[in-house]
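1. sequence isn't available, so here's the structure alone:
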C-alpha cells in the first residue's frame with residue numbers, strides 16, 4: 001500500500017444522518033471504502049435538526065467545545081460532536097451551531113420552497129469552522145476533500161485567510177463537483193463575514209462571478225485539484241456552457257488539474273441477494289425471486305396482473321430529469337403495452353399530469369409523489385425496465401442500483417449514464433441497457449420499443465439482465481483513483 005494518508009472529507013450532507021440527493025450517498029459510502037484501504041479518514045458535516053443524536057450516538061468532545069470562529073470581527077462559538085458512520089470505524093464530526101443549522105430544511109425553507117437567505121453566512125461558518133476545528137484537534141490531514149459549493153470556500157481560506165499559519169502549511173485540497181448547476185453564488189457583501197486583509201480587491205480575488213461571490217468558483221480556482229463524479233461529465237463541463245453552466249470558462253484554466261472519477265454504489269445496501277426490504281431475495285443464478293418481487297409490486301399498486309413489462313421511474317420530477325420527454329410519449333408507451341410505476345417529487349405540472357394518467361389508466365399507472373427509500377427498493381426489485389432520461393446527469397446512482405437488481409436501464413447518453421450503460425443490441429451481444437443519443441421524445445420511444453421487443457424473448461432478456469448484474473460498480477475501483485488523486489494533490493502543490 002502507498003503511504004497511509006490522513007484525509008478529512010467535508011460534506012454538507014452525509015447519509016444516513018442527512019441527505020437530499022446523491023451528495024449525501026457519496027458522503028456515507030466513499031469514506032468507508034477509503035478507510036477499508038487503510039487510510040485515516042474522517043468526515044465533517046453540519047449537525048442539522050433532522051439528525052437523531054440518540055439513534056446515532058453523537059457524543060460531546062471536550063476539546064471541541066466553544067470553538068471561536070471570527071466572522072468579520074464577530075466571535076461565533078461552535079461546538080463539535082462525534083459519532084461513527086454506521087457499520088464502520090469512520091469518525092464523523094458534527095458542527096453544532098443552532099442558529100444556522102438547527103432548521104427544518106438543509107438548504108431550503110420547506111414552508112416557502114426557497115433557499116435560506118443566509119446560506120452564504122451558514123456555509124462560510126461551516127468552511128471556517130472546519131479549519132478552526134482542525135486546530136483544536138491538532139490533527140493535520142494531508143488532504144481536505146471538499147464537496148460542492150458548500151465547502152468551496154475552504155481552498156480560498158487556506159490560501160488567503162490562513163496563508164501565514166504554519167499549522168496549515170502542508171494541508172492540500174481537492175474539490176469534487178457533484179453538479180455544476182449548483183454554484184453557491186451570493187451577493188459579494190457576504191464577504192463582510194470574513195476578516196480579509198485591507199488590500200483585498202474583490203474583482204481580483206478569483207471569487208468574482210458576474211459581480212457575485214461564487215463559492216464554487218473558489219473551489220475550482222484555489223483547490224490543488226478538481227474532479228467531477230464521472231469521466232464523461234468531466235468532458236462535458238469543460239467543453240460546453242450548457243453542461244458547465246458558465247464554469248467551463250473557469251475550468252479551461254485548470255484542465256491540467258481536472259479529472260473524472262465515477263461514483264460507486266453501496267453494495268451492502270443495494271444487493272438483491274441480501275436486501276431485507278424486498279419480497280424475495282434473488283441472484284444472478286436464480287431469478288425466481290425477482291418474479292415474486294414483480295408480482296408483489298403489481299399487486300401492491302393494484303395494477304392488472306400478467307406478463308406485461310413493468311417500467312419504473314424514481315426521480316425528481318423536473319425537466320432536467322427528462323420527465324417532459326416521457327410525458328410526450330406516455331400514452332403511446334402504455335399502448336405497447338406496459339405498466340408504469342413512478343416514485344418522486346417535483347414540479348406541480350408533472351404531479352398533475354401523472355395524477356390525470358393514473359385516473360385515466362388505473363390498471364396500468366401507479367404514481368407516488370414522495371421520496372421513500374423502502375419503496376424505492378421494492379420498485380427497483382420488481383420492475384423490468386428503469387427509465388432515466390436525464391438531459392444531464394453528473395453521475396447517477398439509481399441506474400447502478402437497477403443494474404444490480406437485473407432491472408434494465410433506458411437512459412439518455414450523457415454524464416455518468418453514458419459511463420455506466422452500454423448499448424444492448426440483442427442476440428449474443430454485450431451491453432447492459434439502452435441509450436438514446438438525441439434528447440427527443442421520438443428517440444426515447446424508439447429505444448423503449450426496442451427494449452420491449454427484446455423483453456418478449458426470454459433468453460435474450462435473461463442474458464441482458466445478467467450482463468447488468470455482473471458489472472462491478474462498487475467503490476473499490478473508484479476509491480483507488482481518489483487515492484492516486486490525493487497523491488497528485490500533494491506532489492503538485
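-> Perfect, thanks for sending it. Predicted, not measured: the structure shown is a model, and the values here were computed from it.
2. give me the mean pLDDT for stretch 367-384.
-> Average pLDDT, stretch 367-384: 96.
3. gap between that stretch and the chain center?
-> Relative to its chain's centre, stretch 367-384 lies at 18 Å (C-alpha atoms, centre = their mean, to the nearest Å).
4. got the end-to-end distance for it?
-> End-to-end distance for stretch 367-384, by C-alpha to C-alpha, to the nearest Å: 17 Å.
5. same deal with stretch 382-393?
-> 24 Å.
6. list the buried ones in that stretch?
-> 382-393 (16 or more other C-beta atoms under 10 Å). Every residue, glycine included, has its C-beta placed from N, CA and C.
7. before we move on, what about stretch 424-433?
-> By 16+ other C-beta under 10 Å, the buried positions in stretch 424-433 come out as 424, 431-433.
8. same thing with stretch 202-209?
-> Quick answer for stretch 202-209 (16+ other C-beta under 10 Å): 205-207, 209.
9. off-centre distance for stretch 87-95?
-> With C-alpha atoms, centre = their mean, you get 19 Å for stretch 87-95.
10. please read the previous query as pertaining to stretch 190-207.
-> Mean C-alpha position of stretch 190-207 versus that of the full chain (C-alpha atoms, centre = their mean) differs by 31 Å.
11. list of residues touching it?
-> In this structure, residues lying in contact with stretch 190-207 by C-beta atoms under 8 Å, 6 or more residues apart in numbering are 70-74, 120-121, 124-125, 128, 156-157, 160-161, 188, 208, 213-214, 217-218, 221-222.
12. list the contacts of the host helix or strand of residue 377.
-> Residue 377 belongs to helix 373-382 when assigned by DSSP states H and E. With contacts defined as C-beta under 8 Å, 6+ apart, helix 373-382 is touched by 270, 272, 275, 277-279, 290, 293-298, 300, 310, 312, 314, 341, 343, 368, 386, 398, 401-402, 405, 407.
13. list the buried ones in it?
-> By neighbour count on 16+ other C-beta under 10 Å, the buried set for helix 373-382 is 375-382.
14. re the thing from before, JSON lines for the buried residues of stretch 202-209, including secondary structure, distance to residue 247 and pLDDT?
-> Below are the buried residues of stretch 202-209 laid out as JSON lines (DSSP: H, G, I helix; E, B strand; the rest coil; distance: C-beta to C-beta, whole Å; pLDDT from 0 to 100):
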{"residue": "205", "secondary structure": "coil", "distance to residue 247": "16", "pLDDT": "89"}
{"residue": "206", "secondary structure": "coil", "distance to residue 247": "13", "pLDDT": "90"}
{"residue": "207", "secondary structure": "coil", "distance to residue 247": "13", "pLDDT": "95"}
{"residue": "209", "secondary structure": "strand", "distance to residue 247": "9", "pLDDT": "95"}
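15. and of those residues, the nearest to residue 7?
-> Checking the buried residues of stretch 202-209 against residue 7 by C-beta to C-beta gives residue 206 as the nearest, at 24.9 Å.
16. okay, now the domains of this structure?
-> Split into domains by automatic domain parsing, the chain comes to 6-264+475-492, 288-469.
17. hey, where'd the helices end up in the stretch 101-250 of the chain?
-> When assigned using DSSP state H, counting those that start in this stretch, the helices of the stretch 101-250 of the chain occupy the ranges 119-137, 153-159, 215-222, 231-239, 241-244, 248-251.
18. closest one to residue 264 among these?
-> Nearest to residue 264, of those and by C-beta to C-beta, is helix 231-239 at 13.7 Å.
19. list the buried ones in the helix or strand hosting residue 462?
-> Using DSSP H and E, residue 462 sits within helix 458-469. Buried positions in helix 458-469, judged by neighbour count with 16+ other C-beta under 10 Å: 460-461, 463-465, 467-469.
20. same check, this time on stretch 94-110
-> Applying 16+ other C-beta under 10 Å to stretch 94-110 flags 94-97, 100-101, 103, 105-107 as buried.
21. so, low pLDDT: which residues of the stretch 201-350 of the chain?
-> 305-306 (pLDDT under 70).
22. can you give me the strands in it?
-> For the stretch 201-350 of the chain, strands defined by DSSP state E, counting those that start in this stretch occupy the ranges 208-209, 212-214, 225-228, 258-260, 310-314, 339-343.
23. reformat those strands as TSV; add distance to residue 478.
-> Shown next, in TSV, are the strands of the stretch 201-350 of the chain (distance: least, C-beta to C-beta, whole Å):
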stretch	distance to residue 478
strand 208-209	30
strand 212-214	27
strand 225-228	10
strand 258-260	10
strand 310-314	23
strand 339-343	27
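24. among those, which is nearest residue 30?
-> strand 225-228 (11.9 Å).
25. give the other helices and strands that the closest one contacts.
-> On a contact count with 3 or more C-beta pairs under 8 Å, 6 or more residues apart in numbering; DSSP states H and E, strand 225-228 meets strand 172-177, helix 231-239, strand 258-260, helix 475-492.
26. switch to 6 Å and redo it
-> If contacts are counted by 3 or more C-beta pairs under 6 Å, 6 or more residues apart in numbering; DSSP states H and E, strand 225-228 sits against strand 172-177, strand 258-260.
27. need the winner for burial among these.
-> Mean neighbour count (mean count of other C-beta atoms under 10 Å) peaks for strand 172-177 among these, with a mean of 26.
28. other SSEs contacting that one?
-> If contacts are counted by 3+ C-beta pairs under 6 Å, 6+ apart, strand 172-177 sits against strand 143-147, strand 225-228, helix 475-492.
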